[in-house]
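Engineer: coords below, sequence missing:
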């Protein structure tokens with residue numbers, strides 16, 4: 001299992017457009033991808049779960065990848081977050 005934390009820097013937080021792109025990024029990998037914020041978890045491959053976390057600018061999320069290709073998934077999602085959120 002790989003895990004990292006990231007602080008959202010986008011002024012609007014995780015809103016619809018980047019959430020959709022994040023879901024696509026996570027869905028490209030066969031492993032389990034979970035986003036956690038304030039004790040709530042969401043499957044990063046489901047847009048309603050990601051949006052339901054209500055992540056705002058300045059808030060920290062934890063991303064966990066577990067399973068096949070977890071290293072590559074973790075690196076790709078971290079790069080996506082840095083570039084987009």
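Structural biologist: Good, I have the coordinates. For clarity, every value in this text was computed on a predicted model and none was experimentally measured.

Engineer: can you map out the strands along this protein?
Structural biologist: 2-7, 32-37, 40-43, 60-66 (DSSP state E).

Engineer: most packed of these?
Structural biologist: strand 32-37 (a mean of 20; mean count of other Cβ atoms under 10 Å). To be clear about C-beta, it is placed using only N, CA and C from the backbone, and glycine gets the same treatment.

Engineer: what helices and strands are in contact with that strand?
Structural biologist: strand 40-43, strand 60-66 (3 or more Cβ pairs under 8 Å, 6 or more residues apart in numbering; DSSP states H and E).

Engineer: can you tell me the strand partners of that strand and which way each runs?
Structural biologist: Using DSSP bridges, strand 32-37 pairs in its sheet with strand 40-43 (antiparallel), strand 60-66 (antiparallel).

Engineer: want to try a markdown table for those strands, with distance to residue 29 as columns?
Structural biologist: Converted to a markdown table, the strands paired with strand 32-37 look like this (distance: least, Cβ to Cβ, whole Å):
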| stretch | distance to residue 29 |
| --- | --- |
| strand 40-43 | 13 |
| strand 60-66 | 7 |
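
Engineer: start and end of stretch 2-13, how far apart?
Structural biologist: End-to-end span of stretch 2-13 (Cα to Cα, to the nearest Å): 23 Å.

Engineer: nope, stretch 55-74 is what I was after
Structural biologist: Termini of stretch 55-74 sit 19 Å apart (Cα to Cα).

Engineer: and it, how far out from the chain middle?
Structural biologist: 5 Å (Cα atoms, centre = their mean, to the nearest Å).
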